[in-house]
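Undergrad: Quick one, what's the 3D model for this:
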Amino acid sequence: MKIYFAGSIRGGRQDAALYEQIIQYLKTFGEVLTEHVGDPALTSIGDDGPNDQFIHDRDLEWLQSSDVIVAEVTAVSMGVGYEIGRAVEMRKPVLCLFREGLNVNLSAMIAGCAAIELIHYSEFEQLKKPLHKYLFSFKASK
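TA: Residues are numbered from 1 along each chain as shown. The predicted model follows:
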């Protein structure tokens, strides 16, 4: 299974360590195409490619080749929103993760989209069971 993980880069790297935990867990289910999103060395400058067009085209290619999209949507990110919108348009399964209790609001465009599965959580350990259930059932249906 090819997994596209989306998390904030230019919108802020405050959750990079959490992204890395999620990515390591996702790797037990398949190949994570966007492993670099959890790299603590990656800054909010978004220096993960030679230029913006390269990053856009590369990431869209990964998105198109993925089987499932998992997006951590707590940190506001236009890029993550764009990736989710494109994935929904491509009829890809999308799972969004939202961390509660941080004084941030979940976008109505995410919460109100019937094509998106959503998990609310407050710490990483709470994610394991619902992530396992979602990815296992997705893998079994293939």
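
Undergrad: can you tell me the helix or strand for the residue located most distally from the centre of the chain?
TA: Farthest-out residue of the chain from its mean C-alpha position, per CA atoms, centre = their mean: Pro50, at 22.2 Å. Here Pro50 is covered by no helix or strand, with elements defined by DSSP states H and E.

Undergrad: For Gln53, give me phi and psi.
TA: phi -60, psi -40 (degrees, to the nearest 10).

Undergrad: Can you check what pLDDT the model gives it?
TA: You'll see Gln53 listed with a pLDDT of 95.

Undergrad: do the one 3 residues further on as well
TA: Looking at His56, its pLDDT reads 96.

Undergrad: CA atoms of the helix-or-strand element of the chain with minimal mean pLDDT as PDB?
TA: Least confident helix or strand of the chain, by mean pLDDT, DSSP states H and E, is helix 124-141 with a mean of 88. C-alpha atoms of helix 124-141 as PDB (Å, rounded to 0.1, in the frame of the first residue of the first chain):
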ATOM      1  CA  PHE A 124      -0.300  10.100  19.500                       C
ATOM      2  CA  GLU A 125      -1.100   6.900  21.400                       C
ATOM      3  CA  GLN A 126      -4.800   7.500  20.900                       C
ATOM      4  CA  LEU A 127      -4.200   7.300  17.100                       C
ATOM      5  CA  LYS A 128      -2.800   3.800  16.900                       C
ATOM      6  CA  LYS A 129      -6.000   1.900  17.300                       C
ATOM      7  CA  PRO A 130      -8.200   3.900  14.900                       C
ATOM      8  CA  LEU A 131      -5.400   4.200  12.300                       C
ATOM      9  CA  HIS A 132      -4.900   0.500  12.500                       C
ATOM     10  CA  LYS A 133      -8.600  -0.100  12.100                       C
ATOM     11  CA  TYR A 134      -8.900   2.300   9.100                       C
ATOM     12  CA  LEU A 135      -5.800   1.100   7.300                       C
ATOM     13  CA  PHE A 136      -6.400  -2.600   7.900                       C
ATOM     14  CA  SER A 137     -10.000  -2.300   6.700                       C
ATOM     15  CA  PHE A 138      -8.800  -0.300   3.600                       C
ATOM     16  CA  LYS A 139      -6.100  -2.900   2.900                       C
ATOM     17  CA  ALA A 140      -8.500  -5.800   3.300                       C
ATOM     18  CA  SER A 141     -10.900  -4.200   0.800                       C
END
